[in-house]
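# Predicted coordinates and the sequence they were generated for:
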Amino acid sequence: MAQTAAEAPAAVAAVAAVGGGGEEGARHTLYVNNLNEKVKVEELKALLRQQCEEFGAVLDVVARSTLRTRGQAFVVFEDEQAAARALAALQGRDLRGKPMRVAFARTKSDAIAARDGT
C-alpha cells in the first residue's frame, strides 16, 4: 500500500513518539509493538481496532508497512480512561502468535490535535 504525501511525515513522527505519555493529551494514544510483521497492514489495523473497541471509542489506528515501522502501531482513543483500560488489558495479550507490548505514546496524536484544534 502506497503512502500519501500527508502520511509519510506522520509515520516518521509516530515512530519518534514512543514512550510514557509525557506530553499533555498523549495519554489518549497507545503505542503497540512486538506485532507479527507477517500480518498485512489493513488486517492489523482491523484486528487492533476490534481488540481495542471493547474498552472505548477508537478514533484512529495508525500502522505502516515500511521497514522502520513494521511490527508497531498507534491506537488513538476518544478518552484517556479507555486508553488506560486498554493498556492494562492488552499488555502481553497474544495477537497472531506474538504477545503485544503496550505503552502510552510520548506525544499527542494528530487525531487528538485536530480534535482539540492544537
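Thanks, I have the structure now.
# and the helix or strand containing Phe104, how far from the chain's centre?
Counting by DSSP states H and E, the element that carries Phe104 is strand 101-104. Centroid separation for strand 101-104 versus its chain: 9 Å, with C-alpha atoms, centre = their mean, to the nearest Å.
# With stretch 67-76 instead?
Taking mean C-alpha positions (C-alpha atoms, centre = their mean), stretch 67-76 and its chain are 7 Å apart.
# got it, and stretch 89-97?
14 Å.
# Tell me the buried residues in that stretch?
For stretch 89-97, the neighbour count (16 or more other C-beta atoms under 10 Å) marks Leu90, Leu95 as buried. From N, CA and C alone the C-beta is placed, and that goes for glycine too.
# go on, stretch 105-115?
Neighbour-count burial for stretch 105-115 [16+ other C-beta under 10 Å]: Ala105, Arg106, Thr107, Lys108, Ser109, Asp110, Ala111, Ile112.
# Of these, which is the nearest to Lys45?
Ala111 (13.6 Å; C-beta to C-beta).
# what ranges do the strands span in the chain?
For the chain, the strands defined by DSSP state E cover 29-33, 58-63, 72-77, 94-95, 98-99, 101-104.
# Residues touching the first one, excluding its own?
So the one you mean is strand 29-33. 17-19, 48, 52, 71-77, 83, 86-87, 90, 100-106, 108-109, 112 (C-beta atoms under 8 Å, 6 or more residues apart in numbering).
# Apply 7 Å and report the result again.
Strand 29-33 is contacted by residues 18, 48, 71-76, 83, 86-87, 100-105, 109, 112 when judged by C-beta atoms under 7 Å, 6 or more residues apart in numbering.
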